[in-house]
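Q: predicted model follows, preceded by the sequence.
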2 protein chains.
Amino acid sequence: MYRSHTNGELRLSHVNEEVILAGWVQKVRDKGFMIWVDLRDRYGITQLIFDEERTAKEIIEQAQKLGREFVIQVKGTVIERQAKNPNLPTGEVEILVSELTILNDSKTPPFTIEDDTDGGEDVRMKYRYLDIRRNPVRENLIFRHKVAQEVRKFLSDDGFIEVETPYLIKSTPEGARDFVVPSRMNEGQFYALPQSPQTFKQLLMVGGMDKYFQIVKCFRDEDLRADRQPEFTQIDCEMAFIEQEDILNVFEGLTRHLLKEINGVEIGDFPRMLYDDAMRLYGNDKPDIRFGMEFGDLNAVTQHKDFGVFNNAETVIGIAVPGGNAYTRKEIDNIIKWVKRPQVGALGMIYSRCNDDGSFKSSVDKFYDQEDLAKWAEITGAKAGDLVCVLSGDTNKVRAQMSALRMELAERLGLRDPKVFAPLWVIDFPLLELDEETGHYHAMHHPFTSPKPGQIELLDSKPGEVKANAYDLVLNGNEIGGGSIRIHDKETQAIMLKHLGFSEEEAKAQFGFLMDAFEYGAPPHGGLAFGLDRLVSILGGQETIRDFIAFPKNNSGRDVMIDAPAPIDDEQLTELSLKLNLKS
Amino acid sequence: MYRSHTNGELRLSHVNEEVILAGWVQKVRDKGFMIWVDLRDRYGITQLIFDEERTAKEIIEQAQKLGREFVIQVKGTVIERQAKNPNLPTGEVEILVSELTILNDSKTPPFTIEDDTDGGEDVRMKYRYLDIRRNPVRENLIFRHKVAQEVRKFLSDDGFIEVETPYLIKSTPEGARDFVVPSRMNEGQFYALPQSPQTFKQLLMVGGMDKYFQIVKCFRDEDLRADRQPEFTQIDCEMAFIEQEDILNVFEGLTRHLLKEINGVEIGDFPRMLYDDAMRLYGNDKPDIRFGMEFGDLNAVTQHKDFGVFNNAETVIGIAVPGGNAYTRKEIDNIIKWVKRPQVGALGMIYSRCNDDGSFKSSVDKFYDQEDLAKWAEITGAKAGDLVCVLSGDTNKVRAQMSALRMELAERLGLRDPKVFAPLWVIDFPLLELDEETGHYHAMHHPFTSPKPGQIELLDSKPGEVKANAYDLVLNGNEIGGGSIRIHDKETQAIMLKHLGFSEEEAKAQFGFLMDAFEYGAPPHGGLAFGLDRLVSILGGQETIRDFIAFPKNNSGRDVMIDAPAPIDDEQLTELSLKLNLKS
């Protein structure tokens, strides 16, 4: 037996007990006549004491050799500490050591194993196993485990069955590139790793499984942006014989359960917002509604004056920045510079100060009088002391720009409190989305999403206006889940695929099995998938998903710890009937 | 709302309630003046009734159009049934239908959706979504879900943390071939899919996670035998600061919990058997101990007589077949034919009948007298009425042959009752195994398994005799789990890899990250992995794992439903810097 107790366990009530502990040496304080060692494991820290008077000489000598991160086992007696440490659950006791075994030594770690480490991202990733010894990283992983547990508990209690769907499937065009897996037994053929278990969960509904879920890894071979991982985890769900309302209720319940059990936050009914309204009021399909700053449409009150910039713009939008009149000229210039960054792309920004005396002072006083500016304030909801910021241009662009500005200012104003949770359903997403580059429409959610009843006829005439039974769950400005009611008849699916540019042959080759399945009594069904990595990081009040993944990959898709991917043998390639065809 | 109740829910207490049900048409009985429809969903079957006197004409007409597997929704009133069906939980009521909506029609399914279907394996796999509608298949999947749930509950309650390890890792030589995944972003390089999360779970132990588990998909590109799948699911576990005894206790506890919660069977302590004893007594490292028929070593009492076959044999083994004296000569010939099949490979079989009067009658009476045969009976434990079967030859071969015979006869005798559970630990496995073809030793468990204390010195002189801290959990003759105490210091790992034929460079390239990790305070650790597919099928009292996998692959590794794997575009290959290099 390596230990009788963990290092987080001992209290005053254990005094005089003989115990065996094991763990890592966190810290050694050697005063010559007395040595204290902080012994650490997953559960906490316990102080060990070796002293000249009470500890055998050879043990003292051994203790003097201990270094940081050595793995040791000690036998000793629990005694009351003289100088108690109220910050430590075990801080009232220490162990008077009578036996010491060094189980393993350690080189000096490349960074300090402490809550605030001196290690940078790169070195921490290379030595991720040491990084995981740090409390914050380990606690994140344990937090993730708890969230996953609660998800499984809630859904299982609600009659959902977790079904494992296959990982070696067939390449499907779901928006992103597939990772593929060459098959040795089927020469020249490839499996694909799933971007999601979408078709399988639909087939489970055709199969009468009724309520399915799975916490499952998914794969996308995308050029990685910050905080995207080539493999990520989804809470994947599907239900049969339901309408959108049923799904929203179930997953509202799940989210409420998590916020309560994990964060101790009680949330009432979730607000719902039409996609069109979200775009109009927040310029964004995942608005952060923890704070106001909704967009005000200033077209009517800014155009047809002499200000050409606004007159020539498709849209003029303003937002009220609470307390923004306190900004100095320099600070405002800084904001203007910020919106002009290529990442945001605005050509400029007009503003109007809302003075405490009820007067206004704008950067375009030449064109707009006090009455005009009062309307700006009214429409944006600006009060005395606020600042109205105005952007103009093409509707889609200016909305995106204003959305970025709104989030940036809220961040600066401390309005994005990670301890406040504001969930929101965004519903009635468009079915199709125009790819501005190719001029083609593609499925906004995926090709299996059903159009709203009666709208399928619009597919030919006004494809951009067709709305879908599709919904996203938004939490604090992040999409944490999304789903839709699916098509469940072959004809509609065929029409949809045709509109997405599939020939009849392509549709059959790719989705023949699904369309065939729809001919044998497919029930109405729909579902939703949560991004677990994102969900966990938001519930954990942190920004980056990487902090909640045990062994994440870097932005080039590499695992720098194990050094993967890596070349493979020619022999292995030959066996797979492949040859390299390098570009460089 | 598609339904107010499921089809398994309604009872006499619901009589007179108006309900809405939805589901599949299982059966239509049309008597002209009255139509009965069995409506099915995941939860059960409810009988619908349409009759001339109480149902509107147009609804009757609609009902007449219903076919098997149509998806319908009905509104109606719960009424008491005249002819009650005691075999159905809903058998006391039926629904007098007032509204009928056909949600989807169905072609005639390619096989009957009934517990005993007329569909063969191939057609059921192609239309697996229809197969899943059948109660036995669906119940198997729900059973699997329950087992996984109980596993997670037990381990979480015991302080284990489920940590997700990556799927895109590095090719490692763990015995079987890896599936590889070409990386587009890292030209000419490949990820591998994990054969198990072995190194990652060890790194989690180095990282102080202390108790880890994961229910996780693993991948092996092997030539598939019956009941092997290229992707399979493991319950993967690892613990730090433990000895073998701790691990056996925890997973004995888990198995006992499952047998109790899932099967309602209480099991006491699990017996333990040395690997050497298992081979000696059962010819097998996963003995089925639900019945006796242990091997008797007959060398001493059969050799040095005039029977050349035994004299020339390395080993002579006998087993007692209970009641086997009742076999006719023809039946015994049949058994002899069976052991001579190439799959078993024995050259012949000698037998001795144990007559009720205490006398014996053997096929080699010429060489062995009654006293000899009495010893055979004594050593094999044969009683009057039994049959002693004797095989001889090279030890390893004859053990394997006798093991096959023992299992076959037990099967014929009905001794392998799927409702009886006999778990067993087999411990002290050899560290290395001789590959008879190449003459090289390879790791019996895997290269990270630690030799028994003090035995590492034998690696050079007697590699085949070194025993490992390795153990298997056997249930009813199946290995359901296996594990070991791991090496946790760099030197031992290096020695081990050297003995497995790795050069220093190869060892560094493959496992450098793990050996590096061992230098920073690696704790003693060990673990175990259960095969979930196999475990579930045994707990479910069935033979084939395929019946417990939602979408299994066939023996060529194909998913015949979605038709994967499949060729991919040249464009996609080029993007991955690959070219086909077909052999044919």
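A: Received it, and whenever you're ready, just let me know what you need.
Q: which single residue of the stretch 201-350 of chain A ends up nearest chain B?
A: Proximity of the stretch 201-350 of chain A to chain B (C-beta to the nearest C-beta) peaks at A:Gly207, 3.2 Å away. (C-beta placed from N, C-alpha, C; glycine too.)
Q: once you drop chain neighbours, what's closest to A:Val321?
A: The shortest distance from A:Val321 to any non-neighbouring residue, by C-beta to C-beta, 6 or more residues apart in numbering or on different chains, is to A:Leu387 (4.4 Å).
Q: what's the burial count for the one you found?
A: A:Leu387 has 23 neighbouring residues, counting by other C-beta atoms under 10 Å in any protein chain shown.
Q: with A:Gly414 instead?
A: As a measure of burial, A:Gly414 has 8 neighbours, counting by other C-beta under 10 Å.
Q: residue contacts, the nearest residue to the residue of the stretch 201-350 of chain A closest to chain B once chain neighbours are set aside?
A: Counting by C-beta to C-beta, 6+ apart, A:Gly207 lies nearest to B:Ile132, which is 3.2 Å off, once chain neighbours are set aside. Contacts for B:Ile132 (C-beta atoms under 8 Å, 6 or more residues apart in numbering or on different chains) come out as A:Leu203, A:Leu204, A:Gly207, A:Gly208, A:Met209, B:Arg138, B:Leu141, B:Ala550.
Q: quick check: the gap between the fifth one and B:Leu532.
A: Counting by C-beta to C-beta, to the nearest Å, the gap between A:Met209 and B:Leu532 amounts to 19 Å.
Q: and the first one, by the same measure?
A: For A:Leu203, the distance to B:Leu532 under the criterion C-beta to C-beta works out to 21 Å.
Q: end-to-end on stretch A:430-447?
A: 12 Å (C-alpha to C-alpha, to the nearest Å).
Q: and chain A, what are its domain boundaries?
A: A:12-104, A:138-273+A:422-549, A:291-412 (automatic domain parsing).
Q: comparing those domains, which comes out most buried?
A: Ranked by mean neighbour count, the domains of chain A are led by domain A:138-273+A:422-549 with a mean of 20 (mean count of other C-beta atoms under 10 Å in any protein chain shown).
Q: so how far is the first residue of that domain from its last?
A: Note: domain A:138-273+A:422-549 ends 10 Å apart using C-alpha to C-alpha.
Q: ditto for stretch A:345-363
A: End-to-end for stretch A:345-363, by C-alpha to C-alpha: 20 Å.
Q: could you do stretch A:527-536 as well?
A: 20 Å.
Q: before we move on, what about stretch A:75-85?
A: End-to-end for stretch A:75-85, by C-alpha to C-alpha: 22 Å.
Q: now what about that stretch, what contacts it?
A: Contacts to stretch A:75-85, defined as C-beta under 8 Å, 6+ apart, come from residues A:10, A:12, A:14-21, A:47-49, A:91-99.
Q: helices of the stretch 301-450 of chain A, start to end?
A: A:308-311, A:329-340, A:370-380, A:395-412 (DSSP state H, counting those that start in this stretch).
Q: can you tell if the longest helix along chain A touches chain B?
A: Using DSSP state H to define each element, chain A has its longest helix at helix A:135-157. Yes - using C-beta under 8 Å from any C-beta of the partner chain, we find that helix A:135-157 touches chain B at A:Arg138, A:Leu141, A:Ile142, A:Arg144, A:His145, A:Ala148, A:Gln149, A:Arg152, A:Ser156.
Q: contacts only, for the last one.
A: The one in question is A:Ser156. A:Glu162, B:His145, B:Gln149.
Q: where in the stretch 101-250 of chain A is pLDDT low?
A: Applying pLDDT under 70 to the stretch 101-250 of chain A flags residues A:173-174, A:226.
Q: now do the helices in it.
A: All helices of the stretch 101-250 of chain A, identified by DSSP H, counting those that start in this stretch, fall at A:121-126, A:128-131, A:135-157, A:198-206, A:244-263.
Q: does chain B sit close to the second one?
A: Right, the one you point to is helix A:128-131. Yes - using C-beta under 8 Å from any C-beta, helix A:128-131 comes into contact with chain B via A:Arg128, A:Tyr129, A:Leu130, A:Asp131.
Q: columns neighbour count on top of those residues, output as CSV?
A: As requested, these are arranged in CSV below (neighbours: other C-beta atoms under 10 Å in any protein chain shown):
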residue, neighbour count
A:Arg128, 25
A:Tyr129, 27
A:Leu130, 27
A:Asp131, 23
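Q: before we move on, back to that, so can I have CSV of the domains of chain A showing distance to B:Glu575?
A: Putting those into CSV (distance: least, C-beta to C-beta, whole Å) gives the following:
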stretch, distance to B:Glu575
domain A:12-104, 44
domain A:138-273+A:422-549, 8
domain A:291-412, 28
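Q: returning to what we had before: out of the residues of helix A:128-131 next to chain B, who's nearest chain B?
A: Looking across these and measuring by C-beta to the nearest C-beta, the closest to chain B is A:Tyr129, at 4.3 Å.
Q: quick check: the closest one touching B:Met209?
A: No - in this structure, A:Tyr129 is not within contact of B:Met209 by C-beta atoms under 8 Å, at 9.4 Å.
Q: how near is the residue of the stretch 301-450 of chain A found nearest chain B to A:Met279?
A: Closest to chain B within the stretch 301-450 of chain A is A:Ser450: 13.1 Å, counting by C-beta to the nearest C-beta. Here the distance between A:Ser450 and A:Met279 works out to 21 Å (C-beta to C-beta).
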